[in-house]
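Undergrad: pasted the sequence and its predicted model underneath.
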Amino acid sequence: MINEQIISNIPDAYRIDEPIPTEEPMRQDFFISLCQNYIRANREKGKILTYAIVTFGCQMNVYDSERLKGVLERIGYQEAPEKEADLVIFNTCTVRENANQRLYGHLGQLKPLKKANPDFMIGICGCMMQQPEIVEKIQKSYSFVDILFGTFNLHRLPELIYLRLFEEKHAIEVLPAPKEHVEIKGAKRKYPFKSGVNIMYGCNNFCTYCIVPYVRGRERSRIPEDILRNVKELAEDGVKEIMLLGQNVNSYGVNFYTDEESRILQDNPEYGFPELLEDVCRIPGIDRVRFMTSHPKDLSMKLVEVIAGNPKICRHIHLPVQSGSSRLLKAMNRHYTKEDYLGLVDRIREILPDISLTTDIMIGFPGETEEDIQDTIDVIRYAGYDQAFTFIYSPRTGTPAAAMEQTDPGLVNQRFQRVLDVVNEVAHRRSGRFEGAVDEVLVEEENAQLKSYLTGRLGNNILVHFPGDPSLIGSLVKVRLTEAKGFYYIGEQI
Ligand code: 5AD
Ligand code: SF4
């Protein structure tokens, strides 16, 4: 944090003669104004300053990046490709080691640009930055990085840019989990008609392989009033589809930011994720609601019934299984067995026969045997996933599994390929099952390959291409799925 004295370093031309607000978001609005002056002065000199954000990892990061883009555009930066931008920000992921390596690859490529252009700035934020040893490594080996911040202070980007521009060589700020959440308004959405909305942050599950609880902190739900106000504002801004985001949405409402917030809800202790979903669906203008991610141990039948009773909720549940082996699931601290999971799949399919189930699967967890892989293959076949994301286990420093005896990498690669083959076979078999049916498509864009075709998505996320007028982009259209083409459909508007 800076004080009023430091601000005297700013050139007179950019100065704002007001005290720096101490409260957020007014404080960042102040720094946005200062940075706007800087951008304007450059423009007057004929230099348009540009930015690029490179996003790694999950939907949460995608949505965080949309908000950072909104902030940078308010400041006056214009979006440009990574190789041409004056400010490049990497929003990082650290769930697996290869995501870390990709960041280092990008940094290595940008280093010469930094030498050639002293005005060029590099920022890094996101999950990787919440690990002290990584921040240390960046400061040592990539000391040309200008701005570095974590997952808890995204909203402070304007102040950090200001600090880097006028006060310090590097603006580095990584904070512990906050007591309250500061919203960032005005995201620049890739599609104006759909948006993510965070309903909770962090995770309390401590699966033994996973770094997320360490870098995203303890689970904190946002109060329903804030979420619903957000969704209303988005609907007024033209958003039709909402994706409710959380590491474990089914435990929504268990923990709030403060005792005060928990007390507010004490008069309605039954209010949980199913109730929130219904409230979101009631907001005028919202046509479709999705959510991600569900932990199998917490997914309730009440939720399944709410989905069944509400046509606005997409018929899609992402239900990460990780492994089909009860023994490995125990070692992973997942709190369910193979039988629990398959029983849950049965109960879901009983009520929602059309549901698309997708999952995450991890191969190579410490101590994995042939028998464990066979259990995983059983589950894939039984559950009939429409799509499964398969990952090779990656040891994460500080997690319990990293200290366990690791499985031979050669064996892991071979098992990974076998599991992938089964995943593809099952997904392929499932993919054509809606051929001939009529369903709603949210139209996203004109098709790049097929002339006069549009491309959109079904509720279960599958792509559909159909002939249509570009004026339909952003609306829900009834389409007959005339031909299944593997992982997409060709359709016709009806
Ligand atoms: N190694 C490999 N995959 C992991 N995931 C989480 N942690 C690891 C890890 N250490 C996978 C899980 C999770 C998904 C988001 O990433 O499958 O569901
Ligand atoms: Fe990681 Fe498990 Fe939390 Fe998912 S539920 S974020 S895998 S600790």
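TA: Yep, it's here. Here the structure is a predicted model, which means the values were calculated and not measured. Ligands and ions are numbered 1, 2, ... in the order given.

Undergrad: can you pull the residues of the protein lying near ligand 2?
TA: The chain comes close to ligand 2 at residues 203, 205-207, 210, 212-213, 247-248, 295, as judged by C-beta under 6 Å from any ligand atom. For the C-beta atoms, the positions are set from N, CA and C on the backbone; glycine is no exception.

Undergrad: list only buried entries from these.
TA: Neighbour counting by 16 or more other C-beta atoms under 10 Å classes 203, 205, 207, 210, 212-213, 247-248, 295 among the residues of the chain next to ligand 2 as buried.

Undergrad: among those, name the ones in strands.
TA: With strands defined by DSSP state E, no entry of these lies inside them.

Undergrad: who's in contact with the closest residue to Ser475 other than its chain neighbours?
TA: Sequence neighbours aside, Val443 is the residue nearest to Ser475 in space, at 6.1 Å (criterion: C-beta to C-beta, 6 or more residues apart in numbering). Taking C-beta atoms under 8 Å, 6 or more residues apart in numbering, we find Val443 in contact with 454-456, 468, 472-477.

Undergrad: can I take it that Val443 is in a strand?
TA: Yes - judged by DSSP: H, G, I helix; E, B strand; the rest coil, Val443 forms part of a strand.

Undergrad: so what sits opposite it in the bridge?
TA: Gly456 (DSSP bridges).

Undergrad: I'd like to know how far it sits from ligand 1.
TA: Look at Val443 and ligand 1: by C-beta to the nearest ligand atom, to the nearest Å, they are 29 Å apart.

Undergrad: Serialize the residues of the chain next to ligand 2 to JSON lines and add fields for pLDDT and distance to Gln131.
TA: Formatted as JSON lines, the residues of the chain next to ligand 2 follow (pLDDT from 0 to 100; distance: C-beta to C-beta, whole Å):
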{"residue": "Cys203", "pLDDT": "95", "distance to Gln131": "16"}
{"residue": "Asn205", "pLDDT": "95", "distance to Gln131": "19"}
{"residue": "Phe206", "pLDDT": "97", "distance to Gln131": "16"}
{"residue": "Cys207", "pLDDT": "98", "distance to Gln131": "17"}
{"residue": "Cys210", "pLDDT": "98", "distance to Gln131": "13"}
{"residue": "Val212", "pLDDT": "96", "distance to Gln131": "12"}
{"residue": "Pro213", "pLDDT": "95", "distance to Gln131": "13"}
{"residue": "Gln247", "pLDDT": "94", "distance to Gln131": "17"}
{"residue": "Asn248", "pLDDT": "93", "distance to Gln131": "21"}
{"residue": "His295", "pLDDT": "97", "distance to Gln131": "23"}
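
Undergrad: may I see the buried residues of stretch 129-149?
TA: 129-131, 134-135, 138, 142, 144-149.

Undergrad: equivalent analysis for stretch 433-440, please.
TA: In stretch 433-440, counting by 16+ other C-beta under 10 Å, buried: 434, 439-440.

Undergrad: now do stretch 32-41
TA: For stretch 32-41, using 16+ other C-beta under 10 Å, the buried residues are 32-39.

Undergrad: over to stretch 407-422?
TA: For stretch 407-422, by 16+ other C-beta under 10 Å, it's 407, 412, 415-416, 419, 422.

Undergrad: what about ligand 1: which of the residues of the chain next to ligand 2 touch it?
TA: Cys210.

Undergrad: I'd say Gly384 and Arg430 touch.
TA: Yes - using C-beta atoms under 8 Å, Gly384 is in contact with Arg430, at 5.7 Å.

Undergrad: quick check: residues of the stretch 251-400 of the chain near ligand 1?
TA: Taking C-beta under 6 Å from any ligand atom as the measure of proximity, the stretch 251-400 of the chain contacts ligand 1 at 320, 322, 360, 362, 391, 393-394, 396.

Undergrad: just the buried ones from those?
TA: 320, 322, 362, 391, 393-394, 396.

Undergrad: tell me the contacts of the residue of the stretch 1-150 of the chain found nearest ligand 2?
TA: Per C-beta to the nearest ligand atom, Val95 is where the stretch 1-150 of the chain lies closest to ligand 2, at 7.7 Å. Contact analysis of Val95 by C-beta under 8 Å, 6+ apart lists 57-58, 127, 210-212, 394, 396.

Undergrad: let me know the closest of those to Leu463.
TA: Nearest to Leu463 among the contacts of Val95 is Cys58, at 20.2 Å by C-beta to C-beta.

Undergrad: next, count neighbours for that closest one.
TA: Here the number of neighbours of Cys58 (other C-beta atoms under 10 Å) works out to 17.

Undergrad: likewise for the one 10 residues further on?
TA: A count of neighbours around Leu68, defined by other C-beta under 10 Å, yields 22.

Undergrad: heads up, I number from 20, so please use that
TA: Taking 20 as the first residue, the last one we looked at is Leu87.

Undergrad: I'd like the average pLDDT over the longest helix anywhere in the chain.
TA: For the chain, the longest helix by residue count, based on DSSP state H, is helix 428-450. The average pLDDT within helix 428-450 is 95.

Undergrad: repeat that for stretch 269-276.
TA: 88.

Undergrad: what about it, distance to the chain center?
TA: Distance, stretch centre to chain centre, for stretch 269-276: 18 Å (C-alpha atoms, centre = their mean, to the nearest Å).

Undergrad: buried residues in that stretch?
TA: 269-273, 275-276.

Undergrad: contacting residues around it?
TA: Under C-beta under 8 Å, 6+ apart, the answer for stretch 269-276 is 198-200, 218-219, 223, 237-242, 265, 281, 284, 290-292, 295, 313-314, 317-319, 322.

Undergrad: now, which of the contacts of Val114 sits nearest Arg309?
TA: For these, the nearest to Arg309 is Cys77 (14.1 Å; C-beta to C-beta).

Undergrad: quick one: the strands in the stretch 20-169 of the chain?
TA: With DSSP state E, counting those that start in this stretch, the ranges of strands along the stretch 20-169 of the chain come out as 69-74, 97-98, 106-111, 140-145, 166-168.

Undergrad: following the least confident helix or strand in the chain by mean pLDDT, which helix or strand comes up?
TA: Ranked by mean pLDDT, DSSP states H and E, the weakest helix or strand in the chain is helix 278-283, scoring a mean of 67. Per DSSP states H and E, helix 278-283 leads on to helix 292-300 as the next helix or strand towards the C-terminus.

Undergrad: Ile246 is in contact with Met219, correct?
TA: No - between Met219 and Ile246 there is no contact under C-beta under 8 Å: 9.4 Å.

Undergrad: and these two? Which one has more around it.
TA: Applying other C-beta under 10 Å to Met219 and Ile246 shows that Met219 carries more neighbours, namely 25 against 21.

Undergrad: please name the nearest non-neighbouring residue to that one.
TA: Gly265 is the one closest to Met219 (C-beta to C-beta, 6+ apart), at 3.9 Å.

Undergrad: so who does that neighbour touch?
TA: 217-220, 240, 271, 310-312.

Undergrad: do Leu363 as well
TA: Here Leu363 is in contact with 315, 318, 338, 355 (C-beta under 8 Å, 6+ apart).

Undergrad: and the helix or strand where it lies, which residues are buried?
TA: Using DSSP H and E, Leu363 sits in helix 357-370. Under the neighbour-count criterion of 16+ other C-beta under 10 Å, helix 357-370 has 357, 360-361, 363-364, 367 buried.
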